[in-house]
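In: got a structure for you, letters missing:
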């Protein structure tokens, strides 16, 4: 089988009501250590690495190279090749810059656009919450930030101490919640939560999310 290319990120609006510009993604840290994790589990050894990390058409793409000498990685590769696993997820540090500019807003977007951010890792995931969400890591604790906690979401989209803006963002969050765009989960551990569920590039024309051959 040919290379397995995954879409790790696109610029569509995620279920939390914001989006992240691919042009603002810093890939240098990721390229220096392009580990491939399984379900964002950085306590376990990587199952492979990402190669040919690039940007095409507003998307971040990468080719998966599995460590076939590792039984766990070989099993994941087999499941990917046989279409039992199709999804990938990007892990990033918290947003560094955001914009409220109207011309960056898309239909359905209710929160600012992230214009500068840094990629930390890329994972193959068995299942995720939606096709364009991702996970953020706290820089100090290195733990995954639970975006279902509205306090965390507000802090991520508003780094200032502007009380009025914070209140506005909290109201916006409630609007998102009421519209059913943000789903609350139960107790979650650091390896659960919302994952970016971008699929591999299409081998089959009718399914743009499948692997490339």
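Out: Looks like it came in fine. Keep in mind that what you see is a predicted model, and the values were worked out from it rather than measured.
In: Contact partners for residue 157?
Out: Shown in contact with residue 157 (Cβ atoms under 8 Å, 6 or more residues apart in numbering): 18, 95, 98, 111, 112, 169. In this view, the C-beta of every residue, glycine as well, is placed from N, C-alpha and C.
In: Tell me how far the closest residue to the fourth one other than its chain neighbours lies from residue 75.
Out: Using Cβ to Cβ, 6 or more residues apart in numbering and skipping residues adjacent in sequence, the residue nearest residue 111 is residue 18, 3.8 Å away. Between residue 18 and residue 75 the distance is 35 Å, computed by Cβ to Cβ, to the nearest Å.
In: more neighbours, the two?
Out: The residue with more neighbours, out of residue 18 and residue 75, is residue 18; 22 against 13, by other Cβ atoms under 10 Å.
In: and the more buried one, what is it in contact with?
Out: 109, 110, 111, 112, 113, 114, 157.
In: One more: residue 120?
Out: 29, 30, 91, 92, 93, 137.
In: Swap in 6 Å and give it another go.
Out: 91, 92, 93, 137 (Cβ atoms under 6 Å, 6 or more residues apart in numbering).
In: out of those residues, which is most surrounded?
Out: The contacts of residue 120, ranked by neighbours (other Cβ under 10 Å): first place residue 92, 23 neighbours.
In: So in terms of bridging, what pairs with that residue?
Out: residue 119, residue 136 (DSSP bridges).
In: just checking, it touches residue 114?
Out: No: between residue 92 and residue 114 there is no contact under Cβ atoms under 6 Å: 9.0 Å.
In: Could you confirm residue 30 falls within a strand?
Out: No: Residue 30 is assigned helix when assessed by DSSP: H, G, I helix; E, B strand; the rest coil, not a strand.
In: so how far is residue 103 from the residue lying closest to it once chain neighbours are set aside?
Out: Residue nearest to residue 30 in three dimensions, not counting chain neighbours: residue 119, with 4.1 Å by Cβ to Cβ, 6+ apart. From residue 119 across to residue 103, the span is 25 Å (Cβ to Cβ).
In: cool, and residue 73?
Out: Residue 73 is 44 Å from residue 103, by Cβ to Cβ.
In: what about the two, which has more around it?
Out: residue 73 (20 against 6).
In: Surely that one is in a helix?
Out: Yes: counting by three-state DSSP, residue 73 is located in a helix.
In: Check what pLDDT the residue nearest to residue 30 gets.
Out: Looking at residue 119, its pLDDT is 95.
In: can you check residue 32 too?
Out: Taking residue 32 on its own, its pLDDT is 97.
In: which residues of this structure fall in strands?
Out: Ranges of strands in the chain, per DSSP state E, are 4-9, 19-20, 25-26, 35-38, 48-56, 59-66, 87-92, 97-99, 113-125, 135-136.
In: helices or strands up against the third one?
Out: If contacts are counted by 3 or more Cβ pairs under 6 Å, 6 or more residues apart in numbering; DSSP states H and E, strand 25-26 sits against strand 113-125.
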